[in-house]
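Engineer: take a look and give me a structure for this.
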Amino acid sequence: LVVLRGEIQHKNLWRIDLETGAERQLTDFAPDFGIRDFDISPDGREVVLERAQERSDVVLVDLP
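Structural biologist: Next comes the predicted model:
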């Protein structure tokens, strides 16, 4: 089982062995690297992360 664990604004991926209960940290992201969600490929070799960034611009276009 792979889970996100950490503080609200800073999380890392952890592996939990359900048979033994052993836990191992898989990533060590920088404090400004915010993850919202992730997915693992069926073969377990690749991880796709949804990253949250505070530096994005939002523009509202109000059309008549």
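Engineer: make it CA atoms for all contacts and neighbour counts henceforth
Structural biologist: OK.
Engineer: how far off centre is the helix or strand bottoming out on mean pLDDT in the chain?
Structural biologist: For the chain, scoring each helix and strand by mean pLDDT, DSSP states H and E identifies strand 47-52 as the least confident one, at a mean of 85. Chain-centre distance of strand 47-52: 5 Å, with CA atoms, centre = their mean, to the nearest Å.
Engineer: show me what it is in contact with.
Structural biologist: Strand 47-52 has contacts (CA atoms under 8 Å, 6 or more residues apart in numbering) with 33-41.
Engineer: any weak-confidence spans in the chain?
Structural biologist: Along the chain, segments meeting pLDDT under 70 span 53-56, 58, 64.
Engineer: okay, strands next: where are they in it?
Structural biologist: Along the chain, the segments classed as strands by DSSP state E run 2-6, 11-16, 23-25, 34-40, 47-52.
Engineer: what's the shortest one packed up against?
Structural biologist: Strand 23-25 sits against strand 11-16, with contacts defined as 3 or more CA pairs under 8 Å, 6 or more residues apart in numbering; DSSP states H and E.
Engineer: name every strand pairing with the strand it packs on and say which way it goes.
Structural biologist: Here strand 11-16 has these sheet partners by DSSP bridges: strand 2-6 (antiparallel), strand 23-25 (antiparallel).
Engineer: these: which one's closest to I16?
Structural biologist: Proximity to I16 (CA to CA) singles out strand 23-25 among the strands paired with strand 11-16, at 4.6 Å.
Engineer: contacts for that closest one next, please.
Structural biologist: Contacts of strand 23-25 (CA under 8 Å, 6+ apart): 12-17.
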